[in-house]
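1. No sequence on hand, only this structure:
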């Protein structure tokens, strides 16, 4: 499988650190406690190469604890692969097209999966 990106109306894919905080919180709402049988922040962490537990507030009402999704994105942003494009690929890889669509709408970008033979 090879990923291709198609940019719509010249949108640039940005670094994850530039994601609007409201978008991060919406992703957190969707990934912190996924619906039954859905994949969430743990699967995303694994897809991004994190094998350890990200601490956060999942399942807690404590407002002082950070969302595990936000914690993951904040930690990942210091890597050289932390782009919106790679986040989109990872979200599609864990079958969370709902989360990917949220980002695609914000950045006016569509990622298309194509099979190629080499």
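-> Everything's here; your move. Remember, it's a predicted structure, so these values are computed and weren't measured experimentally.

2. can you give me the helices for the chain?
-> For the chain, the helices defined by DSSP state H cover 21-32, 41-47, 68-76, 84-93, 97-107.

3. pLDDT below threshold where in the chain?
-> Residue ranges of the chain with pLDDT under 70: 1-13, 52-65, 110-118.

4. if we compare the helices of the chain, which one ends up closest to residue 15?
-> Residue 15 lies closest to helix 84-93 among the helices of the chain, at 7.4 Å (C-beta to C-beta). Backbone N, C-alpha and C define where each C-beta goes, glycine included.

5. Tell me which other helices or strands that closest one touches.
-> helix 41-47, helix 97-107, strand 109-114 (3 or more C-beta pairs under 8 Å, 6 or more residues apart in numbering; DSSP states H and E).

6. Try it again at 6 Å.
-> If contacts are counted by 3 or more C-beta pairs under 6 Å, 6 or more residues apart in numbering; DSSP states H and E, helix 84-93 sits against helix 97-107.

7. Just want the angle from the helix it packs on to helix 84-93.
-> Counting by axes from the mean of the first three to the mean of the last three C-alpha atoms, to 10 degrees, helix 97-107 points 160 degrees away from the direction of helix 84-93.

8. Make a markdown table out of the helices of the chain and add mean neighbour count and distance to residue 15.
-> Below are the helices of the chain laid out as a markdown table (neighbours: other C-beta atoms under 10 Å; distance: least, C-beta to C-beta, whole Å):
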| stretch | mean neighbour count | distance to residue 15 |
| --- | --- | --- |
| helix 21-32 | 17 | 13 |
| helix 41-47 | 20 | 17 |
| helix 68-76 | 21 | 11 |
| helix 84-93 | 20 | 7 |
| helix 97-107 | 17 | 12 |
